[in-house]
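Undergrad: Give the three-dimensional model of this entry:
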Amino acid sequence: MGEEVEEEYDNWGMMMMWEMMEMLGWSDGGSNKMFMKLFKYITGSNKENEQIKMTVPVRMLMEKDLKKKQMCFYLPKIHQKNPPKPLDNAVYVEQTPETTVYVHRFGGYIMRDQAWAKEAAIFAAKLRDHSAGVDFSLFYAANYDQPTK
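TA: You can find the predicted model right below:
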C-alpha cells in the first residue's frame, strides 16, 4: 500500500514533423507551437475527446543544421494498443523502432535549438574516434523540465 506503480511506456510515442525555417527554439515560437499541438492532443483534442497523462521526457529529434525537427510525447501503456486519433493532421502516432543511443548529460535549462546543437557537437567530437557507424547528422534532445520553468 502507498507504493507508486511505475507505468510501462515501451517505445510508443506520438510525433510531428515541423519545417524549422525561422522558428529555431522556444523563444522563436517553433518549439512552443509543436508543444502546444501535442499538448492539445493529450488534453482531449482527439477524435475520442480523451485526456492522456502527460509524460516525460519530451523528446526531440533534430537535424544537425536545425532545418527539421520532430517532437514527441510518449504515450502511457494504457493508450498504446489503441491510441486516440489526432484531430490535427500535423500530429500522428507511430511506434519508434528499437534504437541504441549514446547519452550526453549536462546541466542548465536550454531555451534555443542552437544550444542543443552546440551540446550535440561537443558530444559528437568526444565520440567521433569511438563510434563507427554513428549518424552524426541527427541528434535527440530530451527535456525533463516544464516549458514554463
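Undergrad: tell me which element F123 falls in.
TA: In this assignment (DSSP states H and E), F123 forms part of helix 113-127.
Undergrad: For that helix, what is the distance to the chain centroid?
TA: 17 Å (Cα atoms, centre = their mean, to the nearest Å).
Undergrad: Buried residues in that helix, which are they?
TA: For helix 113-127, the neighbour count (16 or more other Cβ atoms under 10 Å) marks D113, W116, A117, E119, A120, F123, A124 as buried. C-betas here are computed from N, CA, C, even on glycine.
Undergrad: With stretch 65-77 instead?
TA: The neighbour-count check on stretch 65-77 (16+ other Cβ under 10 Å) flags L66, K69, Q70, M71, C72, F73, Y74, L75, P76 as buried.
Undergrad: One more: stretch 137-144?
TA: F139, Y140, A141, N143.
Undergrad: Closest to V58 out of those residues?
TA: Nearest to V58 out of those is N143 (Cβ to Cβ; 4.8 Å).
Undergrad: Quick one: residues contacting the closest one.
TA: Residues in contact with N143 (Cβ atoms under 8 Å, 6 or more residues apart in numbering) are V56, P57, V58, R59, M60, I110.
Undergrad: One more: E63?
TA: K69, S137, L138.
Undergrad: Now the first one. Nearest residue, chain neighbours left out?
TA: For K69, ignoring the flanking residues on the chain, the nearest one in space by Cβ to Cβ, 6 or more residues apart in numbering is M62 at 4.8 Å.
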